[in-house]
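Enquirer: Take this sequence and fold it.
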Amino acid sequence: MDNSVSTNLVSVNCGLPRQILWRGQIVTTAIYKEPVRGRVFLRALNLDGDRQADLTVHGGASKAVYCYPVEHYEYWKTELPSRKFPYGSFGENFTVDGFWEDSVNIGDRFAVGSAEVVVTQPRLPCYKLGIRLESDQIVRKLLESGRTGFYLAVVREGEVEAGDKVIPLIHLLESVSVSVVTRLYVARRYERGDLEMIRRLLTVDALPESWKEHFRDKLYQFAK
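Expert: Just a heads-up that it's a prediction; the model follows:
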């Protein structure tokens, strides 16, 4: 993505928790998001008409909105040719055009509609994505492919709608990209320069404290 050029909000997707039968058990999930028409109010924790099922691992101010690049859909259509992929298939609230994990940094800010948002962290998928896409391998494949998408916190509440421009406001050069954060999170070994990237990342206010604790532990383990 060229951070000086606005991109598009392709689809706004919402969904409420529902109970489904999975492998003989009842599971409560809000992974089933569907496109909505018209303007939707984006609040500090949710879009109107959207909720998360398990608030111990989903939702909260740092995960108010989940973004997924529309460009990734073609990849998954090839990987899972028997599946249909309407917008919202990955549980995302915003299907976006032009945002790639390797060009969006933690702490980057954007205006969309009358709202303002900031990038906080990559998405680490859970087993419920496998339920949604009927694939036991999708969680592993998503992480390995780097096509994780990312979360946003709401800086200013406002209304959004499919077709809105997503306008870059701040590209945080001292931060690191979403794709790098994902790689550092799952890495068992570090490459040259990775420790410096972690130190830079720890200075970014938008990164949640739970992620900072993880990376502080990584630095401590490396120093032992």
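Enquirer: name the element F110 belongs to?
Expert: F110 is located in strand 109-112, with elements delineated by DSSP states H and E.
Enquirer: For that strand, the averaged confidence score.
Expert: The average pLDDT within strand 109-112 is 97.
Enquirer: Give the other helices and strands that it contacts.
Expert: Packing contacts for strand 109-112, counted by 3 or more Cβ pairs under 8 Å, 6 or more residues apart in numbering; DSSP states H and E, involve strand 115-122, strand 165-170. (Each C-beta comes from the backbone N, C-alpha and C, glycine too.)
Enquirer: nearest to R189, of those?
Expert: Nearest to R189, of all those, is strand 115-122, at 19.2 Å by Cβ to Cβ.
Enquirer: Partner strands of that closest one and their direction?
Expert: When sheet partners are counted by DSSP bridges, strand 115-122 sits next to strand 109-112 (antiparallel), strand 150-156 (antiparallel).
Enquirer: Can you tell me what sits against it?
Expert: Residues outside strand 115-122 that contact it (Cβ atoms under 8 Å, 6 or more residues apart in numbering): 42, 62-65, 101, 104-110, 148-160, 169, 178-179, 181-182, 185, 206-208, 211.
Enquirer: Serialize the strands paired with strand 115-122 to TSV and add fields for distance to R192 and mean neighbour count.
Expert: Formatted as TSV, the strands paired with strand 115-122 follow (distance: least, Cβ to Cβ, whole Å; neighbours: other Cβ atoms under 10 Å):
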stretch	distance to R192	mean neighbour count
strand 109-112	30	22
strand 150-156	25	21
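Enquirer: Okay, and A206 sits in which element?
Expert: A206 is located outside every helix and strand, with elements delineated by DSSP H and E.
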